[in-house]
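Peer 1: Structure, please.
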Amino acid sequence: MFQIISDGSCDFTKEEIQQYNIEVIPFYITFDGTSHLKEGVDISKDAYFQRLIDEKNLFPKTSQPSPQDYIDVFLPHLKAGRDVLSVTISSKLSGSYNSATLAAQMMRAEFPERKIMVLDTLNVSLCHGIILREIIRMRDAGYSIDKTAGIAEKVIQSAQVYFTLETLEYLKRGGRVGPTTALVGGLLGLRPILQLVDGEVSQLDNVRGKKRVLKLMEDALVAALEGETENISLCVGHIRNQDAATEFQSNVEAALNTKFANPITSVGATIGTHAGPGALAFAYCRKYECV
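Peer 2: The predicted structure follows:
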């Protein structure tokens with residue numbers, strides 16, 4: 001048996017972390033550039049996004065766990081004789097993978113008899129989460145760390161995530177789009193559809209109107225997965241948009257005649273800082289038995 005350690009990008013709840021017997025290393029959030037809070041430890045998701053809503057000129061920053069943060073979590077398991085599989089957010093979106101890799105290199109020198117592996121999910125939030133769920137299922141099925149890591153790479157290659165935003169305001173605050181683009185987008189009611197391609201965010205389309213964009217995403221998901229649902233792990237995520245996420249999931253379940261096994265995910269700060277409240281996403285990957 002090996003220990004699974006993820007960074008906070010997976011957006012698991014505290015109850016899920018305990019249920020699945022994993023460790024999660026949180027990201028840091030700063031509002032003033034000086035004080036750094038651990039997400040989910042020093043500040044909750046709800047409190048974080050409420051501040052974004054209330055303070056219009058606020059643009060917080062997030063930062064990855066340090067190598068020392070990883071070492072602090074790796075060390076007790078290595079001393080106890082357990083191998084470690086560390087699972088991180090996309091290396092193209094954060095330095096968390098580099099921190100984990102550096103920590104692993106340092107710990108291998110101290111524990112040469114132990115296996116310490118680091119996996120880059122090339123994903124974030126709910127898609128990171130469903131990949132992690134497949135890794136947990138493999139561990140619980142008795143797979144070795146080497147076999148799990150090898151199959152997980154194929155699961156990662158199959159993963160897809162798409163999301164849409166309620167507003168361009170938070171992309172503007174972070175300098176990801178200009179004020180004019182945000183203003184015109186708001187006036188026209190444009191909502192971008194974004195995806196992750198090779199670990200990086202890419203814009204797929206701009207759609208006018210909330211109902212239209214959600215219907216388009218529902219139809220696209222149904223078309224992509226019709227006849228495949230038994231082989232696929234699915235998940236819906238949102239940022240303070242529970243009703244829309246529930247309706248979206250119900251519509252897709254009805255169209256595909258299936259039920260999502262994974263709970264709806266409340267998206268955290270790692271992507272939520274730029275997406276903002278109101279965002280909605282869906283993700284899927286192939287189950288480990290089907291890659």
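Peer 1: helix, strand or coil for the nearest residue to Glu166 once chain neighbours are set aside?
Peer 2: Leaving aside its sequence neighbours, Glu166 sits nearest to Gly278 (CB to CB, 6 or more residues apart in numbering; 2.5 Å). All C-beta atoms are positioned from the backbone trio N, CA, C, and that covers glycine. In three-state terms, and counting by DSSP: H, G, I helix; E, B strand; the rest coil, Gly278 is coil.
Peer 1: Tell me where this protein has helices.
Peer 2: Taking DSSP state H as the test, the helices found in the chain are 14-19, 45-54, 67-79, 96-110, 125-140, 145-158, 169-173, 179-188, 210-225, 242-256, 269-275.
Peer 1: burial count for Gly227?
Peer 2: By the criterion of other CB atoms under 10 Å, Gly227 has 7 neighbours.
Peer 1: Quick check: phi and psi on it?
Peer 2: The phi/psi pair for Gly227 (degrees, to the nearest 10) reads phi 80, psi 0.
Peer 1: separation between it and Asn257?
Peer 2: Relative to Asn257, Gly227 is positioned 10 Å away (CB to CB, to the nearest Å).
Peer 1: now Glu289
Peer 2: 21 Å.
Peer 1: okay, these two: which has more neighbours?
Peer 2: Ranked by neighbour count (other CB under 10 Å), Glu289 and Asn257 place Glu289 first, with 11 against 8.
Peer 1: how far away is Leu280 from Lys210?
Peer 2: Using CB to CB, one obtains 9 Å as the distance from Leu280 to Lys210.
Peer 1: When those two are compared, which one has more neighbours?
Peer 2: Counted by other CB under 10 Å, Leu280 and Lys210 do not tie: Leu280 has more neighbours, with 25 against 15.
Peer 1: pLDDT value on the more buried one, please?
Peer 2: Listed pLDDT for Leu280 reads 96.
Peer 1: Equivalent analysis for the one 5 residues further on, please.
Peer 2: In this prediction, Cys285 carries a pLDDT score of 98.
Peer 1: need the contact list for it.
Peer 2: Cys285 sits next to 127, 130-131, 134, 155-156, 158-160, 232-233 when contact means CB atoms under 8 Å, 6 or more residues apart in numbering.
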